[in-house]
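Student: would you be able to build a 3D model of this:
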Amino acid sequence: MSVVPTVFYAYPEALPTMQARGVSVVNTVSEWMSFNDNLKLIVGESSRLDAVNHHYQVNIQSDKLSFLSKRFLLKTNKIYIWRLKRLIRQNPGCVVYTRHLKVASALIADGSLHCSVFYEVHEFFYHSVDTADSVRRGKLKSIEAQVFEGATGLVFWNHNLERLAIKEFPHLQAKRLVATSGIRNVPHSLVASDKPQDRLVYLGSLKAWKGVERLISVFPKTGFSQLAIVGGSSEEISTLKKQCHDLGVAEQVEFLGSISNLEAQQWLIDEASIAVIPLIGGRYAEFSTPIKLFEYMSAGAVVVCPELATVTDYVRDGVEVLCFNQDSNESLIDVLRSVRSLALGERDALSAAAKRRSADFTWRRRAERIHHFTLNPVSDVKAS
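Tutor: As a prediction, this is how the structure comes out:
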């Protein structure tokens, strides 16, 4: 029987967080820990375990969460990395799994460390740098190339990222796996109540590229009578409320603020008939497979989403979801109008197909695939 190595999930930030990456990290780690007793989450900011467990509705044990301070006179990831290296030297042969580029780069560059490094790819950071800043852009790309060539394995958030990596980094050598986002298994006892049929729903971040401003702007032209928005900070909500007031729809748009991940899932089950992902184009469109796609589907909503490879690699337009052209507000309006005109039986068929498909995307399944990949890093050639 082979020995399972110690695994350190290196995450040099604080938890909990209202950002989607916290949902991914904690749910993946929690499921992974349920069948791997040798896994520890190593954070770099002081994090209260009870707050993490409550916010994400998980049960991570106290001996499975460790804190490596980033502070020594100054607060910097370099201190976290230095302390992480010391931990690795105390555990030769360990596995380090991280989604932080500079953590992965530092570990790969240090030839004195006896560990395997697995890097989770969510975007290409050099894309975020203006093309006019060629020096910084080039430096970041070289760091990414170093990680892609030197890591023991790469775990891509979606297939489109993997395709782009193969195209943009010709010397990519690391073994590869695609493991996209997931959902919590919903207990059968959570039965949906009668849902409002004339209301649109959005749940998630209110960052500009998420497209909520766009959704509000097209809402008056869709024929729906209500729009419910869950998530965001008080400042973001205030800005969007002003937009609603200016458009004369303030009485029709409800802002529910931020709620926990599990509360959000139950709210979707009870309240969401038609759920929208109004994601706009731009650099994030190449990288993002939204967690909310599978949350919407699992809740049995009719899902309206952009026709992007990061989405359509996993769902079929007209079968599990209805897609619009992400570059066109008119396309979004047309699709939403078409949803409103669907008979109830047609809506039910879409939502049932979406719910069935969502069962293929759970945090448990994601954790199992990553676990097996770290034990035996063989490229997932079917995903290439």
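Student: list the contacts for the closest residue to residue 131 other than its chain neighbours?
Tutor: Distance criterion CB to CB, 6 or more residues apart in numbering; nearest residue to residue 131, sequence neighbours excluded, is residue 137 at 6.7 Å. Heads up, the C-betas are built off the backbone N, CA and C, glycines and all. By CB atoms under 8 Å, 6 or more residues apart in numbering, the contact list for residue 137 reads 126, 129, 130, 131.
Student: please parse this structure into its domains.
Tutor: 7-182+362-383, 199-358 (automatic domain parsing).
Student: quick one: the helices in this structure?
Tutor: 20-33, 49-56, 77-89, 101-109, 134-150, 159-168, 212-218, 234-247, 261-271, 291-298, 309-312, 329-341, 344-358, 363-375 (DSSP state H).
Student: for residue 206, find the nearest of those helices.
Tutor: helix 234-247 (4.0 Å; CB to CB).
Student: which strands or helices does that closest one pack on?
Tutor: For helix 234-247, the contact count by 3 or more CB pairs under 8 Å, 6 or more residues apart in numbering; DSSP states H and E identifies helix 212-218, strand 253-257 as packing neighbours.
Student: can you redo those as a markdown table with mean neighbour count, mean pLDDT and distance to residue 316?
Tutor: Below are those laid out as a markdown table (neighbours: other CB atoms under 10 Å; pLDDT from 0 to 100; distance: least, CB to CB, whole Å):
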| stretch | mean neighbour count | mean pLDDT | distance to residue 316 |
| --- | --- | --- | --- |
| helix 212-218 | 20 | 98 | 23 |
| strand 253-257 | 16 | 96 | 30 |
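Student: so which of those is nearest residue 235?
Tutor: Comparing the helices and strands packed on helix 234-247 by CB to CB, strand 253-257 comes nearest, at 11.9 Å.
Student: ok and the closest one relative to helix 261-271, angle-wise?
Tutor: 150 degrees (axes from the mean of the first three to the mean of the last three CA atoms, to 10 degrees).
Student: in its sheet, what does strand 253-257 sit against?
Tutor: Taking DSSP bridges as the criterion, strand 253-257 forms sheet pairs with strand 226-230 (parallel).
Student: now do the partner strand: distance to the chain's middle.
Tutor: Centroid separation between strand 226-230 and its chain, computed with CA atoms, centre = their mean, to the nearest Å, is 21 Å.
Student: okay, buried residues for it please.
Tutor: 227, 228, 229, 230 (16 or more other CB atoms under 10 Å).
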